[in-house]
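> coords below, sequence missing:
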């Protein structure tokens, strides 16, 4: 069930009405049942997977907390982490491991291997597995396990966040379920505003860009280097508006029930360095990787060389988390190397006051944001391309500004060969508009729309947004990009 579907437009008001018309003691159960129905709307059989993992991790939390000594706690934590990761590896990485093994066998003159069964990747498995690992790890670190099974089950399955996050922390989320929920005008208005803003980002911007991006990335050899830069810029905005749009709808939907989920984006393309970018982009994932991978590896409390190793390993595994393919691994490795480069540059900058003063100046910050944005865009080429080989070829053409070939002759611009209404002048006019929209969207999501705004303005805003979404949405809306992870 997609957020931008008619099914969700019917499902959400029904759950909203049932929730607020029921007594407090039934509300968690209503949301839990609704969340399971939401998940089963895709493939009903996979509800057994999420329930099975929920039951296992619920009791593992008690086993960890009740162990007599540290050795016992560590044993049960190991069972939890390994069990969750093996489940994720089976569904998400079995084909990747099989293909890698087949390539090795072929290089040795041996026949390739083939899995004896087909595997379907369950929606949202990467997100709720990470939430389970967070839960049992924090219980191991001294937090009390969750006593209420319905609250624990809802923590993992809460329908606004179950498919693509944000990744929640139970310390922040569970107390909201256990406290009496209250519907306020503020939460209702802000919730509806966020849902409409998210749909606007997804349907009007990301979806319209997706068809243009697909045309370029599907056959990059037909386009010039300059064309490919435009496609890369377009994808940078597509993935931001798609994923942040999903997060806005998720946060808005949660607000309608009186709950808060974490902010996942904070104007990431205005980051002045790559470390700041990861403090602004997919915040719930980057903080999870920091707390449950980077720090356990030793974090920054080790030698510089080991610190650099930890950064590279964390980001490489983070890249592989996004997808079982070599180009995702390369994307993660690339960001790890960028973070190491940032650390090295910071050391150089500290010893040069003049350089530090320039970077902190207005011009220096502008250049820093511009360079960081382009470093991220280069990474997106690996993320979006079908393979790392294609990504490297695209980047080679982008940096050399290679012309395209048509009938054996060099052609500088081939964008009009795509059967879409977007051509070069339009694209270059749209990109600044998207940048402004990107900035304003971040501001609006942080504004309390309940203050000093007349009711007729709120109603007018809602109808205007719905009109734009209905009239200017493409005929076919692709799935949210992060559903595949």
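Yep, that arrived. What you see is a predicted model; the values in this text were computed from it and never measured.

> neighbours around residue 106, how many?
By other CB atoms under 10 Å, 12 other residues sit near residue 106. No exception for glycine: its C-beta is placed from N, CA and C like everyone else's.

> pretty sure it contacts residue 112?
Yes. If you go by CB atoms under 8 Å, residue 106 and residue 112 touch, sitting 5.7 Å apart.

> what touches both of those two?
Shared contacts of residue 106 and residue 112 (CB atoms under 8 Å, 6 or more residues apart in numbering): none.

> Just say helix, strand or coil for the closest residue to residue 124 other than its chain neighbours.
Using CB to CB, 6 or more residues apart in numbering and skipping residues adjacent in sequence, the residue nearest residue 124 is residue 163, 4.3 Å away. Going by DSSP: H, G, I helix; E, B strand; the rest coil, the secondary structure assigned to residue 163 is coil.

> What does the pLDDT read for residue 476?
Listed pLDDT for residue 476 reads 67.

> so where's the stretch 351-485 of the chain shaky on pLDDT?
For the stretch 351-485 of the chain, applying pLDDT under 70 flags the ranges 404-461, 463-465, 467-485.

> Now with 50, please.
Low-confidence segments of the stretch 351-485 of the chain (pLDDT under 50): 419-427, 438, 441-442, 444-450.

> Just the strands from the stretch 51-200 of the chain, written as ranges.
With DSSP state E, counting those that start in this stretch, there are no strands along the stretch 51-200 of the chain.

> Helices of that one, start to end?
Applying DSSP state H, counting those that start in this stretch to the stretch 51-200 of the chain gives helices spanning 70-107, 125-140, 149-157, 170-178, 185-199.

> now the ones you listed in a markdown table, with distance to residue 47?
Listed next are these as a markdown table, based on distance: least, CB to CB, whole Å:
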| stretch | distance to residue 47 |
| --- | --- |
| helix 70-107 | 15 |
| helix 125-140 | 12 |
| helix 149-157 | 9 |
| helix 170-178 | 20 |
| helix 185-199 | 25 |
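
> Just the residues contacting stretch 97-109, thanks.
89, 111-115.

> Let's see that with 7 Å instead.
111-113, 115 (CB atoms under 7 Å, 6 or more residues apart in numbering).

> Give me the buried subset of the residues you listed.
The neighbour count (16 or more other CB atoms under 10 Å) marks nothing among the contacts of stretch 97-109 as buried.

> Pick out the lowest-pLDDT one from those residues.
Where pLDDT dips furthest among those: residue 112, at 71.

> Please name the nearest non-neighbouring residue to that one.
residue 102 (3.7 Å).

> and the gap between the one you found and residue 110?
Distance of residue 102 to residue 110, given as CB to CB, to the nearest Å: 9 Å.

> neighbour-wise, which of these two wins?
Ranked by neighbour count (other CB under 10 Å), residue 102 and residue 110 place residue 102 first, with 15 against 11.

> Find me the pLDDT at that one, would you?
Reported pLDDT for residue 102: 77.

> if we can go back for a sec, what is the most widely separated pair among the contacts of stretch 97-109?
Comparing all pairs in these by CB to CB, the longest separation belongs to 111 and 115, at 14.2 Å.

> Can you mark which positions in the helix or strand harbouring residue 346 are buried?
If you go by DSSP states H and E, residue 346 is part of helix 326-350. Neighbour counts over helix 326-350 (16+ other CB under 10 Å) mark 326-340, 342-343 as buried.

> ok, now stretch 148-155?
By 16+ other CB under 10 Å, the buried positions in stretch 148-155 come out as 151-155.

> I'd like the mean pLDDT over that stretch, please.
Mean predicted confidence for stretch 148-155 is 93.

> can you check stretch 64-83 too?
Across stretch 64-83, pLDDT averages out at 94.

> One more: stretch 250-259?
On average, stretch 250-259 scores 92.

> what does that stretch rub up against?
12, 16, 19, 31, 160-161, 176, 181-183, 187-188, 190-192, 194-195, 198, 260-261.

> run the last query once more with 6 Å
The contact list for stretch 250-259, computed with CB atoms under 6 Å, 6 or more residues apart in numbering, reads 16, 19, 160-161, 176, 181-182, 187, 190-191, 194-195, 261.

> got the angle between the helix or strand following the helix holding residue 346 and helix 326-350?
Counting by DSSP H and E, the next helix or strand C-terminal to helix 326-350 is helix 353-360. Taking axes from the mean of the first three to the mean of the last three CA atoms, to 10 degrees, one finds helix 353-360 and helix 326-350 inclined to each other by 130 degrees.

> For helix 353-360, buried residues please.
residue 359.

> chain center to it: distance?
34 Å (CA atoms, centre = their mean, to the nearest Å).

> which residues are contacting the helix or strand that it is followed by?
Going down the chain from helix 353-360, the next helix or strand is helix 362-384, by DSSP H and E. Applying CB under 6 Å, 6+ apart, the contact partners of helix 362-384 are 217, 232, 235-236, 269-273, 277, 327, 330-331, 334, 338, 358, 391, 394-395.

> which strands and helices sit next to whichever helix or strand comes after helix 362-384?
Using DSSP H and E, the helix or strand that follows helix 362-384 in sequence is helix 388-400. The contact analysis (3 or more CB pairs under 6 Å, 6 or more residues apart in numbering; DSSP states H and E) places helix 388-400 against helix 225-255, helix 326-350, helix 362-384.

> what angle sits between the last one and helix 326-350?
In other words, helix 362-384. On the basis of the same axes, to 10 degrees, helix 362-384 is oriented at 160 degrees to helix 326-350.

> Hey, what's the angle from helix 362-384 to helix 388-400? Just curious.
150 degrees.

> How about helix 362-384, which residues are buried there?
Buried positions in helix 362-384, judged by neighbour count with 16+ other CB under 10 Å: 368-369, 372-373, 375-384.

> likewise stretch 206-225?
Neighbour-count burial for stretch 206-225 [16+ other CB under 10 Å]: 206-217, 220, 222-225.

> distance between it and the chain's centre?
Stretch 206-225 sits 21 Å away from the centroid of its parent chain (CA atoms, centre = their mean).

> That one spans what distance, first to last residue?
Stretch 206-225 has an end-to-end distance of 23 Å (CA to CA, to the nearest Å).

> how near is the closest residue to residue 275 other than its chain neighbours to residue 4?
The shortest distance from residue 275 to any non-neighbouring residue, by CB to CB, 6+ apart, is to residue 342 (5.3 Å). With distances taken as CB to CB, residue 342 is found 36 Å from residue 4.

> Tell me, how many residues neighbour residue 321?
Neighbour tally, residue 321, other CB under 10 Å: 22.
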